[in-house]
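Asker: Let's see this in three dimensions:
(2 chains)
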Amino acid sequence: GESVGLHLPTLSVQEGDNSIINCAYSNSASDYFIWYKQESGKGPQFIIDIRSNMDKRQGQRVTVLLNKTVKHLSLQIAATQPGDSAVYFCAETPGYSTLTFGKGTMLLVSP
Amino acid sequence: GAVVSQHPSWVICKSGTSVKIECRSLDFQATTMFWYRQFPKQSLMLMATSNEGSKATYEQGVEKDKFLINHASLTLSTLTVTSAHPEDSSFYICSARGSGLEETQYFGPGTRLLVL
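Answerer: Here you go, the predicted model:
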């Protein structure tokens, strides 16, 4: 079936830098997208979501951008902190259906 | 945000025994719950979708007789790993979705299973 993939398996940044995590999706029918953060040994934590009728959505220190033309999703984290170190997953779904998860990107933040 | 709990958080058992994992939505009613399995450094793999009061829908390759799922109420779903073997050792995570049109799934903290 179609899947969601990520370009970078590991991203290393310095504390205070801005981080950008990318995700490519292939299911053109997907209309709802979510970013999750998963710390070691814990379940995924909801960060932010976006629907296909939007191209940008902002939260606290995070911004999600959606480019439906090239089926690309990104998560921007401003002023990255050591506590942001985790694996980040994008997930997509066509309507009220099951989520398809990407492979994940590990974000490593150095002090 | 919505809170989902799992119990136990970790369990060690002998090969051949059965293990039950509980998933509860604490502050909302979950008409649908999902069970995932995750291996180290890998993404989440959906095992089954459970709707309250009906039989679970299993993903291809997941044995329904081995992974028994019960969703008897709007706040509780259970996963029972029957006759567990070492290859069943994994991180099991549940998620829950509310009864409205909101598609967001909220995840539990996961259960680490080690079968000796």
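Asker: Please tell me how far the spatially closest residue to residue B:74 that is not a sequence neighbour sits from residue A:13.
Answerer: Leaving aside its chain neighbours, residue B:74 sits nearest to residue B:29 (4.0 Å; criterion: CB to CB, 6 or more residues apart in numbering or on different chains). Backbone N, C-alpha and C define where each C-beta goes, glycine included. Per CB to CB, to the nearest Å, residue B:29 is found 40 Å from residue A:13.
Asker: what sits against the residue of chain B found nearest chain A?
Answerer: Of all residues in chain B, residue B:107 sits closest to chain A, with a separation of 4.0 Å (CB to the nearest CB). The contact partners of residue B:107, taken as CB atoms under 8 Å, 6 or more residues apart in numbering or on different chains, are A:36, A:43, A:44, A:45, A:46, B:4, B:93, B:94, B:95.
Asker: On the strand side of things, show who it bridges to.
Answerer: Assessed by DSSP bridges, residue B:107 has beta-bridge partners residue B:95.
Asker: What segments of the chain are strands?
Answerer: You didn't pick a chain, so chain A it is. Using DSSP state E, the strands of chain A run over residues A:4-5, A:10-14, A:19-25, A:32-38, A:45-51, A:56-58, A:62-67, A:72-77, A:86-93, A:100-101, A:105-110.
Asker: not what I meant, chain B
Answerer: Using DSSP E, the strands of chain B run over B:4-7, B:10-13, B:19-25, B:30-38, B:44-51, B:57-58, B:67-73, B:76-81, B:90-98, B:106-107, B:111-115.
Asker: wait, which of these is closest to residue A:101?
Answerer: Checking these against residue A:101 by CB to CB gives strand B:44-51 as the closest, at 5.0 Å.
Asker: Just give the closest residue to the residue nearest the centre of chain B, not the sequence neighbours.
Answerer: Residue closest to the average C-alpha location in chain B (CA atoms, centre = their mean): residue B:35, at 3.5 Å. Counting by CB to CB, 6+ apart, residue B:47 is the residue found nearest to residue B:35 once chain neighbours are left out, at 4.6 Å.
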